[in-house]
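J.: sequence and predicted structure are below.
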Amino acid sequence: MSARARAGGREALVIARREVLERVRSKWFVIGTLLGPIAMLAVILVPALLAAREEKVVKIALVLRAAAEVAPAPGPAPAPTPAGAAEPTAAKPAASAPSAALAKELIAGFALVGWRAHVVTDLEESALLEQVREQEINGFLVVPADVLGGGAVTYQGDNGTSAPAMARLERVVTTVVQHRRGIAVGITDEQVLRMLAPVLITTKHTTGEAAGASGMATFIVGYVVMFILYLAIILYASNVMRSVVQEKTSRVVELMVAAVKPRALMAGKILGVGAVGLLQLAVWLGMGFLTLKYRDALLGLLDITKTGGVSVPPLSLSQVAVVLIYFILGYFLYAALYAAVGAMVSSEQEAQQAQMPVMTLIIIAIACVQLVANDPRGQSAVVLTVIPFFSPLLMPMRYLLGGAGAVDLAVSIGVLLVTLAVVVVASGRIYRVGILMVGKRPSARELWRWLRY
Amino acid sequence: MTNALEIEDVVKRFGNHVAVDGISFTVPRGVVYGVLGPNGAGKSTTLRMINDVVAPDSGRIQVLGLAPGAAAARQIGYLPEERGLYPKMFVAEMVQFMGELRGLSRAEAARRAARWLERLGLTRWAKNRVQDLSKGMQQKVQFATALIHDPELLILDEPWSGLDPINAEVLRSVVEEARAAGRTVLFSTHLMEQAEKVCDAVCIIARGKKVLDGNLAELRRAAAAHGRIALGFEDAAAKAKAQAGPLADPEIVAAVRAPAAADSQELVVELRSGVTSDALLAALLAAGGGLRRFEAVTPTLHQIFLDIVGDSAAVAERRDEALS
């Protein structure tokens, strides 16, 4: 018995070696390994570069509603500002003077962030919308007469989806309105400015174990690791499927299963492709690490000024181990699924359709990334990182963000291992029967029968 | 010594279709054995079961004294009906790879692969990819993958299909060599004429069932003992006279087969058992003669097959061939 198992292992290794050689020798492997990270870098850097270069002037119109239109309602206005501060503005006669000052300050404030603002009067909203449509202006800001008393300012514009632009707008309007409120309650200019001086806050990420690193950098590292895992797993696991289909279409499969057990063939294939994947992953992670380490120098080459002292949190040995464990287990899980899919179909085109259920699992995992990243210790992160089809992508990220402890890891890996065992057995059975089938794709009922052969 | 192959009451179903229905036969060592039958008779399924590619539903298979599986596979060389190689592999590595899978060490497999490529005239192409070779050369590489480990049992599924004349000659010499070395060759074919030239023994199957099996020479003798004689007449009148006379006598003649063309003066006569050809000749001469030809026919495998399976199988065969 053990001699037979050993022979099967030897055959699986011979097959794995063939798979490795066939891939490593192809010129696409070399190109992909070296250019993959460069392409990834380009995906990240090019938009940033473009955004940095495209600092175009934003033009907006200011609409200041006349005070006469709105009778300021003292009291009930839901004031976001401390209660009491709003009351003195009820003085009606002063309405037009502050609004002129308000407009002047807004224009000056927008000019500071590179926006050009101008006051318009007597224009209906439809006319302003028309101007936006004609791209004469980017948008318009409507300031109600009771703005100092808590009235809502509205902005409509074509840059409404841009988070940085809206943050700027908010900052300018808030500062100006608060300044005017200060004047209105009678404190001096200097006092107001002192009050409004920015508060410096730096945020660091820590979960108590080690000295905190920059939160943003930690997030980026977690995200990049997740992305690389996703790419590697999907690339190589689906490569197993393609390889199975090619054996069918080139008809070499009958020669193979006459010489070795289908189990050894599947095992050898998954091992061989996986070894190549691991090699490529190591190269990519290495390059990614170097890129982050020498990021400032790289950005300098690209003519971008230093973005501030963001330090890269060094990956510890345990973190690297977790990434590798999940890559290997996740790869095996998805490779076994893909091998079964490959055995079920007889052409590449069919394979594209048949892999949809497996793809869906991965897509769901990717869609849940934000849930884990936003709150690595939260309830949804805990649940998601236990689900075996998601954990290979989500758990390394959660661990890097410090959301998972040893117990979480053990539970997640345990569930993953059990699932892996079940999937490998089931896929092996489907593979064994399906690999010799040509023609129609099996129905769900036939698949069930294959499982019980 | 054990037989090369023992098949006992083997059954294989695919869904509701019974592909192999209780087939039994034995192949002694050192014999060239043909599994014959029309397409769809169950030949390939039988060979696949021997190779452990599919498992029988019931019955027993012994290959060189072993159950089908890993140990038996090391002593089997297999040329599947569906020829196929890894298109991107180098020729020498492809052959070496199959040798390693059949149990050779890597060094030994490399040595033997080089030898086989030289023998088949492929040394120049050893470092080319399989996909860059012509179809005929790929067939040779396929032979090498089946032979590299000097298998005790060589299994060839429809070896002549798609073979060019040069490779048919290579195949013939390979089979001869194996026979001379005392190895066993098992092949399947629907080409009875080809089988007749190389087989020592055959098993004929149709629709999943065995029709007959045995030593080819013995089968022929047994069929010839039935007494089959081809007759040719001078003219239609002489033929008609003979048909009305001795050929209509059930004491002498069991059956008369007329050729398809109505104006032919040829007939094939099957004698009743126990009646000699001399007796028929005497009766024909007594009835007026007019003979141009009188010849005892040695039955071909095809005739033996038709005699036993009957016309319905022949029709089925023609239909199958039209489909395939």
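T.: That came in fine, so what should we check first?

J.: quick one: the strands in chain A?
T.: Applying DSSP state E to chain A gives strands spanning A:58-64, A:115-120, A:139-143, A:154-157, A:204-205, A:213-214.

J.: for those, which one sits closest to chain B?
T.: Across those, chain B has its closest neighbour in strand A:213-214 (46.2 Å, C-beta to the nearest C-beta). For every residue, glycine as well, the C-beta is placed using N, CA and C.

J.: any weak-confidence spans in the chain?
T.: Here I'm looking at chain A. The model of chain A has pLDDT under 70 over residues A:1-7, A:40, A:43-45, A:47-56, A:66-98, A:207-216, A:292, A:295-314, A:438-440, A:453.

J.: you looked at the wrong chain, it should be chain B
T.: B:1, B:224-226, B:259-262, B:309-324.

J.: how is it carved up into domains?
T.: Annotated domains of chain B cover B:5-216, B:227-296 [automatic domain parsing].

J.: also chain A?
T.: Domain segmentation of chain A under automatic domain parsing yields A:19-50+A:214-452, A:58-196.

J.: minimum distance to chain B: which of the ones you listed has it?
T.: Of these, nearest to chain B by C-beta to the nearest C-beta is domain A:19-50+A:214-452, at 2.9 Å.

J.: give the helix, strand or coil label for B:P87.
T.: Following DSSP: H, G, I helix; E, B strand; the rest coil, the label given to B:P87 is coil.

J.: that one reaches A:E247, doesn't it?
T.: No - assessed by C-beta atoms under 8 Å, B:P87 is found out of contact with A:E247, at 10.5 Å.

J.: neighbour-wise, which of the two wins?
T.: A:E247 (22 against 16; other C-beta atoms under 10 Å in any protein chain shown).

J.: which one is the more buried one nearest to, not counting chain neighbours?
T.: A:V253 (4.4 Å; C-beta to C-beta, 6 or more residues apart in numbering or on different chains).

J.: next: B:P68.
T.: Using C-beta to C-beta, 6+ apart, the nearest residue to B:P68 is B:D52, at 3.7 Å.

J.: ok, B:I229 next?
T.: B:V269 (5.0 Å).

J.: isn't that neighbour up against B:R228?
T.: Yes - with contact defined as C-beta under 8 Å, B:V269 reaches B:R228; the gap is 7.2 Å.

J.: buried sites along the longest helix belonging to chain B?
T.: Among the segments of chain B that qualify as a helix by DSSP state H, the longest is helix B:165-180. By neighbour count on 16 or more other C-beta atoms under 10 Å in any protein chain shown, the buried set for helix B:165-180 is B:167, B:170-171, B:174-175, B:178-179.

J.: now that helix - C-alpha only, PDB.
T.: The C-alpha coordinates for helix B:165-180 follow below in PDB (Å, rounded to 0.1, in the frame of the first residue of the first chain):
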ATOM      1  CA  PRO B 165       2.300   3.700 -45.700                       C
ATOM      2  CA  ILE B 166       5.700   4.400 -44.200                       C
ATOM      3  CA  ASN B 167       4.500   4.300 -40.700                       C
ATOM      4  CA  ALA B 168       2.300   1.200 -41.500                       C
ATOM      5  CA  GLU B 169       5.600  -0.400 -42.300                       C
ATOM      6  CA  VAL B 170       7.200   0.900 -39.100                       C
ATOM      7  CA  LEU B 171       4.300  -0.500 -37.200                       C
ATOM      8  CA  ARG B 172       4.600  -3.900 -38.900                       C
ATOM      9  CA  SER B 173       8.300  -4.100 -38.000                       C
ATOM     10  CA  VAL B 174       7.600  -3.100 -34.400                       C
ATOM     11  CA  VAL B 175       5.000  -5.900 -34.100                       C
ATOM     12  CA  GLU B 176       7.300  -8.400 -35.700                       C
ATOM     13  CA  GLU B 177      10.100  -7.400 -33.300                       C
ATOM     14  CA  ALA B 178       7.800  -7.800 -30.300                       C
ATOM     15  CA  ARG B 179       6.700 -11.200 -31.400                       C
ATOM     16  CA  ALA B 180      10.300 -12.200 -32.000                       C
END
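
J.: and the next helix or strand past it?
T.: Per DSSP states H and E, the first helix or strand lying C-terminal to helix B:165-180 is strand B:184-189.

J.: so what strands line up beside that next one?
T.: strand B:32-36 (parallel), strand B:153-157 (parallel) (DSSP bridges).

J.: turn the ones you listed into CSV, columns for mean neighbour count.
T.: Putting the strands paired with strand B:184-189 into CSV (neighbours: other C-beta atoms under 10 Å in any protein chain shown) gives the following:
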stretch, mean neighbour count
strand B:32-36, 26
strand B:153-157, 24
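
J.: quick revisit: just put the strands of chain A in a markdown table and tack on mean neighbour count and distance to chain B.
T.: Formatted as a markdown table, these follow (neighbours: other C-beta atoms under 10 Å in any protein chain shown; distance: least, C-beta to the nearest C-beta, whole Å):
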| stretch | mean neighbour count | distance to chain B |
| --- | --- | --- |
| strand A:58-64 | 20 | 56 |
| strand A:115-120 | 16 | 60 |
| strand A:139-143 | 21 | 58 |
| strand A:154-157 | 16 | 57 |
| strand A:204-205 | 16 | 48 |
| strand A:213-214 | 18 | 46 |
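
J.: in JSON lines: those, plus distance to A:I233.
T.: Converted to JSON lines, the strands of chain A look like this (distance: least, C-beta to C-beta, whole Å):
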{"stretch": "strand A:58-64", "distance to A:I233": "42"}
{"stretch": "strand A:115-120", "distance to A:I233": "45"}
{"stretch": "strand A:139-143", "distance to A:I233": "43"}
{"stretch": "strand A:154-157", "distance to A:I233": "42"}
{"stretch": "strand A:204-205", "distance to A:I233": "26"}
{"stretch": "strand A:213-214", "distance to A:I233": "27"}
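
J.: doesn't B:A237 fall inside a strand?
T.: No - assigned with three-state DSSP, B:A237 falls outside any strand and is helix.

J.: can you get me a residue count around it?
T.: Counted by other C-beta under 10 Å, the residues lying close to B:A237 total 12.
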